[in-house]
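> just need the structure, nothing else, for what follows:
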Amino acid sequence: MLLPLLAVVAGLALLVWSADKFVDGASATATHAGMPPLLIGMLIIGFGTSAPEMVVSALAASQGNPGLALGNAYGSNITNIALIIGLVAVISPITVHSQVVRKELPILLGVTALAGYQLLNGQLSRLDAWVLLGAFFLLMGWSIYEGMTGRNDALGTELDQELKSHPMPLKQAIFWLVLGLVLLIVSSRVLVWGAVDIAQSLGVSDMIIGLTVVAVGTSLPELASALAAVRKNEHDLALGNVIGSGLFNTLAVVGIAAGIAPLSVDPAMLSRDWVVMAALTFALFVMCIGFRGRQGCVNRVEGSILLLVYLGYTGYLVSTIIGR
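Residues are numbered from 1 along each chain as shown. Modelled structure (predicted):
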């Protein structure tokens, strides 16, 4: 048990570090290529912060661990909204200025509903995977259009300031891009092996490990970037990273995993985990869109409620492990 535990800790640490370097290298390379800041934020950073979930879930699916693959993807969405947005809002209330963020929220809500529909029959087939990946590529097309035309959006302005504050030579950017990607794959292999071994030792499903330890670990890049953004009062950047990651997780991460190997779905994934994910997504939509003249925002009270939901949900999952 000690060796798998060390593998999980070391794998998570290397995963977070390599994801950070991968995002930095990819963003700097895109900047040198003349890509607009908003497009970098919607594509490069959205993909980069979800790279840990993508690689971990793909490896888990290829090794016959569907629970870990799905638990990691949906658990990361729950962690992103309840823990990360909740924590950031408690530190500094989040006010939404970006029109792109407002447009992405209903898309995330629709994508979450699609995910629930696909789970109804207890499996995710390759046809389901193609539907998810097709929706993902449509989203990418829209993102490219928005990134090329929405130059005055608040999200693009914040990211432009962020990129200019951390310039990187092209050779160094390419080096970190390649090294980060290689280490992402290596650390994910170590993490998946350790997580599956721990689940087997404890006699619990790998889905529970995916929803808790692995989901939190692969969400650390989003947490780090959100906390860094809120310290600089870049609220739209913090929120945009979480929403973009949610879209990538639900469409690309699950789509790639199911495309590699059809996934059998534990009934609890729909009745418990998807319900929590959908409720949190709807709550975030209501908070951030703004109704009846209310400015879209997540205040400290709402942030505290999100944190309490996360603690209650995670506490319940942990109790299922302890109770065995």
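> every contact and neighbour count from this point should use C-alpha atoms.
Noted.
> how close does Ala19 get to Leu311?
For Ala19, the distance to Leu311 equals 26 Å [C-alpha to C-alpha, to the nearest Å].
> mind listing what's buried in stretch 193-211?
193-199, 204-211 (16 or more other C-alpha atoms under 10 Å).
> just curious, which of those residues is nearest to Gly67?
Met207 (3.9 Å; C-alpha to C-alpha).
> follow-up on the earlier one: show me which of the buried residues of stretch 193-211 is closest to Glu222.
Using C-alpha to C-alpha, the shortest approach to Glu222 within these belongs to Leu211, at 16.2 Å.
> isn't the closest one right next to Ser76, touching?
Yes: contact criterion C-alpha atoms under 8 Å: Leu211 and Ser76 qualify, at 7.4 Å.
> just list the residues touching Gly64, thanks.
By C-alpha atoms under 8 Å, 6 or more residues apart in numbering, the residues touching Gly64 are Ala261.
> surely it is within a helix?
No: Gly64: not assigned to a helix; according to DSSP: H, G, I helix; E, B strand; the rest coil it is coil.
> next, give phi and psi for it.
Main-chain torsions, Gly64, degrees, to the nearest 10: phi 80, psi 30.
> skipping its backbone neighbours, what lies nearest Leu223 in space?
Leaving out its chain neighbours, the residue that sits closest to Leu223 by C-alpha to C-alpha, 6 or more residues apart in numbering is Ile84, at 5.7 Å.
> what's the neighbour count on the one you found?
Applying other C-alpha atoms under 10 Å, we find 27 other residues in the vicinity of Ile84.
> tell me the spacing between it and Ile243.
Ile84 is 11 Å from Ile243, where distance means C-alpha to C-alpha.
> could you do Leu105 as well?
Distance from Leu105 to Ile243, counting by C-alpha to C-alpha: 7 Å.
> show residues contacting stretch 213-232.
Contacts to stretch 213-232, defined as C-alpha under 8 Å, 6+ apart, come from residues 12, 15-16, 19-20, 49-50, 52-53, 71-73, 75-76, 79-80, 84, 88, 92, 195, 235, 237-239, 241-242, 245.
> could you list the buried residues of the host helix or strand of Val9?
Secondary structure assignment for Val9, by DSSP states H and E: helix 2-32. For helix 2-32, a neighbour-count test (16+ other C-alpha under 10 Å) marks 4-5, 7-9, 11-31 as buried.
> for that helix, name the packing helices and strands.
Here helix 2-32 touches helix 46-62, helix 170-202, helix 215-218, helix 220-231, going by 3 or more C-alpha pairs under 8 Å, 6 or more residues apart in numbering; DSSP states H and E.
> does His32 touch Leu170 like I think?
Yes: His32 lies in contact with Leu170 (C-alpha under 8 Å); the separation is 6.7 Å.
> quick one on the thing from earlier: can you redo the helices and strands packed on helix 2-32 as JSON lines with mean pLDDT and distance to Leu114?
Shown next, in JSON lines, are the helices and strands packed on helix 2-32 (pLDDT from 0 to 100; distance: least, C-alpha to C-alpha, whole Å):
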{"stretch": "helix 46-62", "mean pLDDT": "80", "distance to Leu114": "19"}
{"stretch": "helix 170-202", "mean pLDDT": "82", "distance to Leu114": "27"}
{"stretch": "helix 215-218", "mean pLDDT": "80", "distance to Leu114": "21"}
{"stretch": "helix 220-231", "mean pLDDT": "73", "distance to Leu114": "24"}
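> so which of these is nearest Gly134?
For the helices and strands packed on helix 2-32, proximity to Gly134 was assessed by C-alpha to C-alpha; helix 46-62 is nearest, at 16.1 Å.
> give me the angle between the closest one and helix 2-32.
Orientation check (axes from the mean of the first three to the mean of the last three C-alpha atoms, to 10 degrees): helix 46-62 against helix 2-32 gives 140 degrees.
> and helix 46-62 with helix 170-202, angle?
Counting by the same axes, to 10 degrees, helix 46-62 lies at 40 degrees to helix 170-202.
> and the angle for helix 46-62 with helix 220-231?
Using the same axes, to 10 degrees, the inter-axis angle of helix 46-62 relative to helix 220-231 is 160 degrees.
> could you give the angle of the very next helix or strand once past helix 46-62 to helix 170-202?
Sequence-wise, the next helix or strand downstream of helix 46-62 (DSSP H and E) is helix 66-78. Here the directions of helix 66-78 and helix 170-202 differ by 120 degrees (the same axes, to 10 degrees).
> beyond helix 66-78, next helix or strand please.
As assigned by DSSP H and E, the chain's next helix or strand after helix 66-78 is helix 86-91.
> put the alpha carbons of that next one into CSV.
Only the C-alpha atoms of helix 86-91 are listed here, as CSV (Å, rounded to 0.1, in the frame of the first residue of the first chain):
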residue,chain,number,x,y,z
GLY,A,86,-16.3,28.7,-4.0
LEU,A,87,-12.8,29.4,-2.5
VAL,A,88,-12.0,32.2,-4.9
ALA,A,89,-15.4,33.9,-4.3
VAL,A,90,-14.9,33.7,-0.5
ILE,A,91,-11.4,35.4,-0.9
